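Visitor: Predicted model and sequence follow; I will ask about them next.
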Amino acid sequence: MWSQPFRKDEESGSRPLYPMMLESAELRWAFIRKVYSILTMQLVLTVAVAAVVVAYHPISQFFVTTTPGLVLYIVLIILPFIILCPLYYYHQRHPVNMLLLGLFTVTLAFAVGLTCAFTSGKVILESVILTSVVVVSLTLYTFWAARRGYDFSFLGPFLFGAILVLMVFALIQIFFPLGKLSVMIYGALASIIFCGYIIYDTDNLIKRFSYDEYVWAAVSLYLDIINLFLSLLTLFRAADS
């Protein structure tokens, strides 16, 4: 069943990403490069916007010390998730998808910057380093596993259930704070869950996303990385306080 595409890829000099691949390796690698190029631009934009928010103190002070600032802060937290709805609907329509992707990235980057503005530089650096190491390691592992026929699609239901539990736990923390230890537990659990999502979404990138779904594939990985960073930030900040 899969011997024909496998032989074709060997003759053309490109190794297939996984044994059951039914398309050319060149097309799939081109798709992967496109997704990671978009993801890199998103991360660079996020770092740039967050750095401006952290470095220019009047911005963070406005959001903390004024009532309009607090309202705007809540809007900025919710806005990226609102933008996700039209982005999902138009994610295959160029250039609308790229415009919505840029808007989504900037709003989420601003929220990340406000979070970092009230965090020590040591904690931010620790979170950035650990996030980078984990993302690179899990990505390389998933590509290695895909070449050997491993499949991680079974993680989907477990991760969905875990994220629901995490959301309920966060709501409990908001209305009934349980102390520093519970915040550390939340950060640790969230970090593990989003490590699982990095493996799951990378596996989908390799095997399941179609070539026209490059924007949504980049958004999935971007959210995994940002959420992993914020989870580690929560954990380290609670431990440092």
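Guide: Happy to help now that I have it.
Visitor: Could I get the full set of helices for the protein?
Guide: In the chain, the segments counted as helices under DSSP state H are 3-12, 25-55, 57-65, 67-89, 96-117, 121-147, 155-175, 180-207, 214-240.
Visitor: which one of those helices lies closest to residue 18?
Guide: Closest to residue 18 of the helices of the chain, according to C-beta to C-beta: helix 121-147, at 4.4 Å. All C-beta atoms are positioned from the backbone trio N, CA, C, and that covers glycine.
Visitor: Next, the buried residues of the closest one.
Guide: Buried residues in helix 121-147, counted by 16 or more other C-beta atoms under 10 Å: 123-124, 126-127, 130-131, 134-135, 138-139, 142-143, 145-146.
Visitor: Let's have these in CSV, adding pLDDT and distance to residue 57.
Guide: Formatted as CSV, the buried residues of helix 121-147 follow (pLDDT from 0 to 100; distance: C-beta to C-beta, whole Å):
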residue, pLDDT, distance to residue 57
123, 90, 18
124, 91, 15
126, 92, 22
127, 93, 21
130, 95, 26
131, 96, 25
134, 96, 31
135, 97, 30
138, 97, 35
139, 96, 35
142, 95, 40
143, 94, 42
145, 93, 45
146, 89, 46
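Visitor: And these, which is closest to residue 73?
Guide: residue 124 (18.9 Å).
Visitor: how close does residue 212 get to residue 46?
Guide: With the distance defined as C-beta to C-beta, to the nearest Å, residue 212 ends up 25 Å from residue 46.
Visitor: who has more neighbours, the two?
Guide: More crowded of residue 212 and residue 46, by other C-beta atoms under 10 Å: residue 46, with 21 against 13.
Visitor: got a list of what that one touches?
Guide: 105, 108-109, 112, 226 (C-beta atoms under 8 Å, 6 or more residues apart in numbering).
Visitor: now residue 236
Guide: So residue 236 contacts 123, 126-127, 187 (C-beta under 8 Å, 6+ apart).
Visitor: Brilliant, that's me finished.
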